[in-house]
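1. coords below, sequence missing:
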């Protein structure tokens, strides 16, 4: 599992000002977002879910070798299994869900499983928020912009309110590519903003650099 910009964005952007004590990363892949949140917070418990066996092993190894190994744990399970027997609620839930539905060859079955939308339907994420999010917690995701309104509607129907929205553009001249969204059970005026990643190719904007610089050796 490669380190992708989407995961870095969500790990750096997810709201933590409410000082979450428990965090859940759904579909953790290599464990990137969970590790970033361990660096950003003092949360005592950071759980991660991963269905792919190779990615699960990689995430577990990354957790154990990190400075925060005592706070990180990865479950080898799908979200549907996890929801069958929920043991607690979380103050922060994050997910960089699979949404690529283009054809991938059978020879790359593991990546197909991890990247295809049917391995983690958006409806399951809404259900997860309903069951697993604490009363004062936040649920944060990153999705393609074209899915923004659909997902917001689904969360609103489940009783959640949009708290924070950042639309992401590659450059000032390109269309919005991603939507970073955070929801809560509390009604509030959403904080809406735009983030541009690059001024030119490989020349990052000050806003993007400020958001992610704590996670790069060189930027």
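-> Received it, and whenever you're ready, just let me know what you need. Please read these numbers as outputs of a predicted model, since none were measured by experiment. Residues are numbered from 1 along each chain as shown.
2. Tell me where the model's unsure across this structure.
-> 1-2, 99-120 (pLDDT under 70).
3. which residues are contacting the helix ranked longest in it?
-> Selection of the longest helix in the chain by residue count, based on DSSP state H, yields helix 53-65. Residues outside helix 53-65 that contact it (CB atoms under 8 Å, 6 or more residues apart in numbering) are 1, 28-31, 34-35, 48, 50, 69, 72-74, 76, 110, 114. Just so you know, the C-beta spots here come from the backbone N, C-alpha and C atoms, and that holds for glycine as well.
4. next one: stretch 75-86
-> Contacts of stretch 75-86 (CB under 8 Å, 6+ apart): 26-27, 47-51, 53, 56, 119-120, 124-125, 127-128, 131-132.
5. Can you get me the start-to-end distance on it?
-> One end of stretch 75-86 to the other measures 13 Å (CA to CA, to the nearest Å).
6. Identify each buried residue in it, please.
-> 75, 78-79, 82 (16 or more other CB atoms under 10 Å).
7. which ones are touching the residue nearest the centre of the chain?
-> When the chain is reduced to its mean C-alpha position, the closest residue under CA atoms, centre = their mean turns out to be residue 95, at 3.0 Å. The contact partners of residue 95, by CB under 8 Å, 6+ apart, come to 25-27, 120, 125, 128, 140-141.
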